[in-house]
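*Asks:* sequence below, structure please.
(2 chains)
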Amino acid sequence: MTSPAVTTAVPATIVHTEPATHSSTKRFALGIFDDEDVLLHAIDNIRAAGVKIYDVFSPYPVHGIDDALGIERSRLPIAAFFYGMCGLAFALWLQFYTLGFDWPMIIGGKPHISLPAWIPVSFELTVFFTCHGMVITFYMISKLYPRFKTPVLDVRSTDDKFVVAIELDEQSSQLPKLTQLFRENGASEVNQKEMTKF
Amino acid sequence: MQYVSPVREPLVTSGKTYHDVTQDICYQVEAAPNIRWMGALGVALIGLAIFFYSVYRTLWYGIGEWGLNKTIGWAWDITNFVWWVGIGHAGTLISAVLLLFRQKWRSSINRAAEAMTIFAVICAAMFPVLHMGRPWLAFYVFPLQNTLGSLWANFNSPLLWDVFAISTYFTVSLVFWYTGLVPDFATIRDRAKGKIARVSYSLLSMGWTGSAKHWSRYETVSLILAGVSTPLVLSVHTIVSMDFATSVVPGWHTTIFPPYFVAGAIFSGFAMVLTLMLITRVVFKLEDYITLEHIALMNKIMMVTGSIVGVAYITEFFIAWYSQVEYEQYCFINRATGPYWWAYLSMMSCNVLSPQFVWIRRIRYSITMTFILSIIVNIGMWFERFVIIVSSLHRDYLPSSWAMFSPTIIDIGIYVGTIGLFFTLFLLFAKFFPVINMAEVKTILKYTVNDGPTYGGANDGSRNPSLHTSPAPYSTPGVPASAPVNYDKQND
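*Replies:* Sure, this is the predicted structure:
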């Protein structure tokens, strides 16, 4: 937004919120739940009330939470299949190239290209590429990598609490409304938390 | 969504809450090492010292330090290799095959079983590498162009298949195990008091926060890993058996080997899991997580696979006679009545007879008997590999080259040494890593029996009891559930 022409075109209200995007601090209203069933019910109601949920943190995978939050099915299986096919292609190329063309040898009087004997290595490399490709993709798209300090909104979310995080604006103006919404839906606690670089 | 089963035993006893699970399992990681653990580590380190000494002798003086001779070129080394690889099969079986079959009881044993797999494969890998004589040239097994010419690895050789199978199996098991550990590392990280612990578990936890999206992907990854690990685990011992089956040595050249070896691997693997679990549950006081029910279920798997192995032994004998091949017939008669009759007898009694005691319910649920049986099975499975390898080799086609094998002190030292290596790694794992998958155990807490203690009801008064006894999903606090109990629908 360096061009003055653009700045003048933007309505005053939006210009007002701009400084917030420069700082990396975010504010969250945290609804703490004790039970997964209450949590799922609450998520349904919060979303029905038209509130956008930032994220939900739980100590274990809660079944049905994907549908409740509207998380799309992961496409990792497709990626895994793709990696597997790459592995298979690589294995077959390697064996054809080395034993069939680059340095053909007669082994046990068999043809240079003896596909049945190549099944085990082809299978193993398919599995190798599938697993490692998929797992590396998983860590990368989830932005999971070793770090010295991990910011967590509520440390109990890796123990026994289910935490629903809703992003607040700078004045935390929605907080009273959200507190009531959380309370009505069975939250045991409602907290506010600021997080830098989250 | 509490599932109340009218028939099944609870998977976790004593009505544990989520926090109890965290507390119980993080305890051994956070507490100072106890004296029993230190003592056990001391013994394991003696074993490790024996291992290093024997390896040093082997590398300095060469393979001549072993009891091998011209006729018996494979003996204890390959016996130990196959024994360890076999033990390494239970971990992936528990984590992958039982996941696909939705056997929820696997949750409290899969972590330690997978760790056992990884350590067993490390021990197994020592033998072929040392048997090379010049382990610093071990990279020759990979398809790299040879430094002396343009030769490549021989992809038609089962020994090369083994390289690919074992390395794939090892790395995939490691990744599977580690990915499962990440959420639990996050739990330990968030509880950690000291700075060193917080930083190291933060590094290990890869920044895991338990976000819904991450869990969704995590579940997908686990399922796909289980899906590909299942054929992988079967392929590994199939390929190990092909080391023998593709040769023309009487006693080895049989098509029954792949399924027979896989069954034997699962059999010995479960025996080792039982041995370790029975010790772990007492040392770390995990009786509520690894219950008698778990022990009985593992005993049943041991019995089934042991019986498959028994049938395989008898089939081999029958086929040797039925084949009309003189050498094959002699080989089997020689196994049972020749100079190695004692090994054959040990194998038959330990592997075929001993698992049959598990038919008796009292033995199946007895900790002492299970422990004794698991040790017997481990011994029996070692003898099985010894019988297959040594008794087939020691009298082959040419009577003038018949020989006997006797192990040297170095042979014994390397074998005992790998046991030391295995236990050193396992004890370190048990101290610094959570031995039970906390996240997964938390998912099964709500599976209980009718009249048993229900989740959270007994020991957490702050919760609304109507939530925990209600079978209806989405019950609201204060509103009693009106839906009838539905026993048929298992919420998954």
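*Asks:* so how far is stretch B:351-364 off the chain centroid?
*Replies:* Distance of stretch B:351-364 from its chain centroid, counting by CA atoms, centre = their mean, to the nearest Å, is 20 Å.
*Asks:* what residues sit buried inside it?
*Replies:* Neighbour-count burial for stretch B:351-364, counted by 16 or more other CB atoms under 10 Å in any protein chain shown, picks out B:351-352, B:354-355, B:357-358, B:363-364. (Glycine included, C-beta is placed from N, CA and C.)
*Asks:* what does stretch B:25-33 give?
*Replies:* B:25-26, B:28-29.
*Asks:* again with stretch B:174-194
*Replies:* So for stretch B:174-194, counting by 16+ other CB under 10 Å, buried means B:175-177, B:179-192.
*Asks:* which of those are close to chain A?
*Replies:* Among the buried residues of stretch B:174-194, the residues lying close to chain A (CB under 8 Å from any CB of the partner chain) are B:175-176, B:179, B:182-183, B:186-187, B:189-191.
*Asks:* adding pLDDT, write these out as TSV.
*Replies:* As requested, these are exported to TSV (pLDDT from 0 to 100):
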residue	pLDDT
B:175	94
B:176	92
B:179	93
B:182	94
B:183	93
B:186	92
B:187	92
B:189	91
B:190	89
B:191	89
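*Asks:* all helices for chain A, in order.
*Replies:* Applying DSSP state H to chain A gives helices spanning A:4-9, A:12-22, A:36-48, A:65-69, A:76-95, A:115-141, A:175-184.
*Asks:* residue B:46 is nearest to which of those?
*Replies:* helix A:115-141 (36.6 Å; CB to CB).
*Asks:* which helices and strands sit right next to the closest one?
*Replies:* Helix A:115-141 sits against helix A:76-95, helix B:158-191, helix B:212-245, with contacts defined as 3 or more CB pairs under 8 Å, 6 or more residues apart in numbering or on different chains; DSSP states H and E.
*Asks:* and of those, who's closest to residue A:125?
*Replies:* Closest approach to residue A:125 among those (CB to CB): helix A:76-95, 3.8 Å.
*Asks:* now the closest one: buried residues?
*Replies:* A:76, A:79-80, A:83-84, A:87-88, A:91-92, A:94-95.
*Asks:* which among the residues you listed are in contact with chain B?
*Replies:* Answer for these near chain B (CB under 8 Å from any CB): A:76, A:80, A:84, A:94-95.
*Asks:* ok, back up a step: reformat the helices and strands packed on helix A:115-141 as a markdown table; add distance to residue B:66.
*Replies:* Shown next, in a markdown table, are the helices and strands packed on helix A:115-141 (distance: least, CB to CB, whole Å):
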| stretch | distance to residue B:66 |
| --- | --- |
| helix A:76-95 | 34 |
| helix B:158-191 | 18 |
| helix B:212-245 | 18 |
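*Asks:* tell me which of those lies nearest to residue B:56.
*Replies:* Taking CB to CB, helix B:158-191 is the member of the helices and strands packed on helix A:115-141 nearest to residue B:56, at 24.1 Å.
*Asks:* where does chain A dip in pLDDT?
*Replies:* By pLDDT under 70, the weakly predicted segments of chain A are A:1-23, A:197-198.
*Asks:* same question for chain B.
*Replies:* The model of chain B has pLDDT under 70 over residues B:1-9, B:147-149, B:447-492.
*Asks:* closest to the centroid, which residue in chain A?
*Replies:* When CA atoms, centre = their mean is applied to chain A, the residue found nearest the centroid is residue A:142 (4.1 Å).
*Asks:* now that one: closest residue in space, sequence neighbours ignored.
*Replies:* Nearest residue to residue A:142, sequence neighbours excluded (CB to CB, 6 or more residues apart in numbering or on different chains): residue B:214, at 5.2 Å.
*Asks:* cool, residue B:189 as well?
*Replies:* Leaving aside its chain neighbours, residue B:189 sits nearest to residue B:201 (3.8 Å; criterion: CB to CB, 6+ apart).
*Asks:* equivalent analysis for residue B:183, please.
*Replies:* Nearest to residue B:183 is residue B:439, by CB to CB, 6+ apart, at 4.4 Å.
*Asks:* nearest to chain A: which residue in the stretch 1-150 of chain B?
*Replies:* residue B:18 (3.5 Å; CB to the nearest CB).
*Asks:* what sits closest to that residue if chain neighbours are left out?
*Replies:* In space, residue B:18 is closest to residue A:160, 3.5 Å off (CB to CB, 6+ apart).
*Asks:* bridging residues for the closest residue in space to residue A:187 that isn't next to it in sequence?
*Replies:* Once flanking residues are discounted, residue A:187 sits nearest to residue A:31: 4.1 Å by CB to CB, 6+ apart. In this structure, residue A:31 bridges to residue A:164, residue A:190 when assessed by DSSP bridges.
*Asks:* and the stretch 51-200 of chain B, which residues reach chain A?
*Replies:* Checking the stretch 51-200 of chain B against chain A by CB under 8 Å from any CB, the hits are B:143, B:150-158, B:160-161, B:164-165, B:167-168, B:171-172, B:175-176, B:179, B:182-183, B:186-187, B:189-191, B:198-199.
*Asks:* how far off centre is the strand or helix carrying residue B:130?
*Replies:* In the assignment (DSSP states H and E), residue B:130 maps to helix B:110-131. Centroid displacement of helix B:110-131 relative to its chain, using CA atoms, centre = their mean, is 9 Å.
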